[in-house]
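Colleague: here is a sequence with its predicted model. Questions after.
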Amino acid sequence: DVKVTQSSRYLVKRTGEKVFLECVQDMDHENMFWYRQDPGLGLRLIYFSYDVKMKEKGDIPEGYSVSREKKERFSLILESASTNQTSMYLCASRRSNTYEQYFGPGTRLTVT
Amino acid sequence: GQQLNQSPQSMFIQEGEDVSMNCTSSSIFNTWLWYKQDPGEGPVLLIALYKAGELTSNGRLTAQFGITRKDSFLNISASIPSDVGIYFCAGHGRSNSSSGSARQLTFGSGTQLTVLP
């Protein structure tokens, strides 16, 4: 079975803090994704990565950056957290020759 | 860009009833996926469809890829309490764009299913 894990299930940070969200997949998938999920807005793509050290902006990249130094790990970074970044963050991965994405359990981030 | 309309937004049903939900797109899709999300968890892939007209089952779940390639349906038979959750459709369609975003999924807004005992 595909397994995607995220470093924290719940996280509370203060405005202005630098926040790291980590995602690891164990199926040697080439592609990895970061989404945020908000009530009424559905899933929105923040960034994705096709390969190690490669990244592309999604629909809402402002205020975020990413890092992919190893194939199995994709990190989402909030350089200076703001209250409007309070959300559920979901990581996903997939093989490059399919559209089937597999999601992690999510990180519920609250910025106060 | 591509848009997906998922309906209904929410459903309240009695345990044992069958459930139907659907997604329609503004353009032709070549892949449809159906996910379920339990409260506080990430979405779990239920069924993947790759051919127009394809009908695929996963236990009590059956999904169909519409023949127009612009819609997909998910049916749940004999619902049970653990079917509660949000069901999402997702799809990918042909695009002339060479940008990376053209290779990503479009997600529906979800159907919130409540099963009453």
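Modeller: Great, that's in hand.

Colleague: now B:N58: closest residue in space, sequence neighbours ignored.
Modeller: B:I47 (5.3 Å; C-beta to C-beta, 6 or more residues apart in numbering or on different chains). From N, CA and C alone the C-beta is placed, and that goes for glycine too.

Colleague: residue nearest the middle of the chain, spatially speaking?
Modeller: Since you didn't name a chain, this refers to chain A. In chain A, the residue lying closest to the centroid (C-alpha atoms, centre = their mean) is A:W34, at 2.9 Å.

Colleague: correction: the question concerned chain B.
Modeller: Central residue of chain B (C-alpha atoms, centre = their mean): B:C89, at 2.8 Å.

Colleague: in which helix or strand does the closest residue to that residue other than its chain neighbours reside?
Modeller: In space, and not counting its chain neighbours, B:C89 is closest to B:C23: 3.6 Å by C-beta to C-beta, 6+ apart. Assigned by DSSP states H and E, B:C23 falls within strand B:19-25.

Colleague: helices and strands around that strand, which ones?
Modeller: strand B:4-7, strand B:10-14, strand B:71-76, strand B:85-93, strand B:111-116 (3 or more C-beta pairs under 8 Å, 6 or more residues apart in numbering or on different chains; DSSP states H and E).

Colleague: try it again with 7 Å
Modeller: On a contact count with 3 or more C-beta pairs under 7 Å, 6 or more residues apart in numbering or on different chains; DSSP states H and E, strand B:19-25 meets strand B:4-7, strand B:71-76, strand B:85-93.

Colleague: give the rounded mean pLDDT of it.
Modeller: Average pLDDT, strand B:19-25: 96.

Colleague: direction included, what does it pair against?
Modeller: According to DSSP bridges, strand B:19-25 forms sheet pairs with strand B:4-7 (antiparallel), strand B:71-76 (antiparallel).

Colleague: burial count for the residue nearest to B:C89?
Modeller: By other C-beta atoms under 10 Å in any protein chain shown, the residues close to B:C23 number 27.

Colleague: got the contact list for it?
Modeller: B:4-6, B:71-72, B:89, B:108 (C-beta atoms under 7 Å, 6 or more residues apart in numbering or on different chains).

Colleague: ok, and the most crowded of these?
Modeller: The most crowded member of the contacts of B:C23 is B:C89, carrying 31 neighbours; neighbours defined as other C-beta under 10 Å.

Colleague: okay, and the beta partners of that residue?
Modeller: B:W34.
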